[in-house]
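S.K.: Make a model of this:
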Amino acid sequence: MELILDFGNTQKKLALFDSGELLFSENHRIITKDLVAQFIGAHPEITSCILSSVIQHAEDIEQYLQQTLPFIILDEHTPIPLVNRYETQSSLGKDRLAAAVAGAASFPGENVLIIVAGTALTFDFVNSQGEYLGGSISPGMQMRFGALHTFTEKLPLVSYREHVELVGSNTHMSILSGVINGIVAEIEGISRNYQEIYPGLKIILSGGDLNYFVKRLKISIFALPNIVIHGLQQILAFNVHKST
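M.R.: Below you'll find the model as predicted:
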């Protein structure tokens, strides 16, 4: 079994895989060394672990794992089953890289666009030769709602609502229209730009806000929840196999 630790900006995830299959995933506000130790103690079948973190996390977690399991930390030097053509690999988000790995594995030999709707809205492209070329980053849904409220004096803080009009008849609905319809238009527009260059492109949508947008899109997509932790598992397995 494989233990996956994914420390994101919004969520901290702990996941367990067996032979490439996700058994379960847990979200925590904070993951501590004691929580990791307790989890490993309850699952003695765990044979390896990967940690991906885009935040400052407790150093004792790494120290404990290094003493307990075959363990790797994902960084720009970690071998991956892709050719990384990104110019500034040290600043590339680990979540973006893991999502690209999982997206490419879902459609080997195809051009793949991986869209993750979370804290940020990210687009990452892997070509049919298995080369990661990069993509784009823009604010995610909650960030857009928060920015409108924070950087203006009178706009309220709005949260998602299922019913969204094109023409907002009040300030609340106008913000909803701008944020939700804006993200949908961004996803569809950028995806079509890629499709013009790469006919037959496979498009994957994932991320914590996946369910808010998947039914609104008028393009052909594949919904793949938890794409980042799947990519982390594939990177871990790739490295374990290289060492055996």
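
S.K.: distance of the spatially most central residue of the chain from residue 38?
M.R.: The centre of the chain sits closest to residue 228, judged by Cα atoms, centre = their mean, with a distance of 4.3 Å. To residue 38, residue 228 is 23 Å away according to Cβ to Cβ, to the nearest Å. C-beta: built from backbone N, CA, C; applies to glycine.

S.K.: now swap in residue 64 and tell me
M.R.: Distance from residue 64 to residue 38, by Cβ to Cβ: 11 Å.

S.K.: Find residues that contact each of those two.
M.R.: Common contacts of residue 64 and residue 38, defined by Cβ atoms under 8 Å, 6 or more residues apart in numbering, are absent altogether.

S.K.: Which residue ranges of the chain form helices?
M.R.: 33-42, 59-68, 94-106, 141-150, 171-176, 182-197, 210-213, 227-242 (DSSP state H).

S.K.: Identify the residues contacting the third one?
M.R.: When you say that, I think you mean helix 94-106. 6, 8, 52-54, 74-75, 80-82, 84, 112-114, 116, 118, 122, 124, 126, 130, 132, 135, 202, 204, 206, 222, 224, 227-232, 234-235.

S.K.: between that helix and helix 227-242, what angle do the directions make?
M.R.: 70 degrees (axes from the mean of the first three to the mean of the last three Cα atoms, to 10 degrees).

S.K.: okay, helix 94-106 in CSV with CA atoms only?
M.R.: What follows is helix 94-106 as a C-alpha-only set of coordinates in CSV (Å, rounded to 0.1, in the frame of the first residue of the first chain):
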residue,chain,number,x,y,z
LYS,A,94,3.7,20.5,-7.4
ASP,A,95,0.0,20.1,-7.7
ARG,A,96,0.1,21.2,-11.4
LEU,A,97,2.9,18.7,-12.1
ALA,A,98,1.1,15.8,-10.4
ALA,A,99,-2.1,16.7,-12.3
ALA,A,100,-0.2,16.7,-15.6
VAL,A,101,1.2,13.2,-14.8
ALA,A,102,-2.2,11.8,-14.0
GLY,A,103,-3.8,13.4,-17.1
ALA,A,104,-1.1,12.1,-19.4
ALA,A,105,-1.5,8.6,-17.9
SER,A,106,-5.2,8.7,-18.5
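
S.K.: Show the contacting residues for residue 177.
M.R.: Residue 177 neighbours (Cβ under 8 Å, 6+ apart): 164-168.

S.K.: ok, back up a step: give me whichever of the helices of the chain is most buried.
M.R.: Ranked by mean neighbour count, the helices of the chain are led by helix 94-106 with a mean of 25 (mean count of other Cβ atoms under 10 Å).

S.K.: Centre of the chain to that helix, how far?
M.R.: Helix 94-106 has its C-alpha centroid displaced from the chain centroid by 8 Å (Cα atoms, centre = their mean, to the nearest Å).
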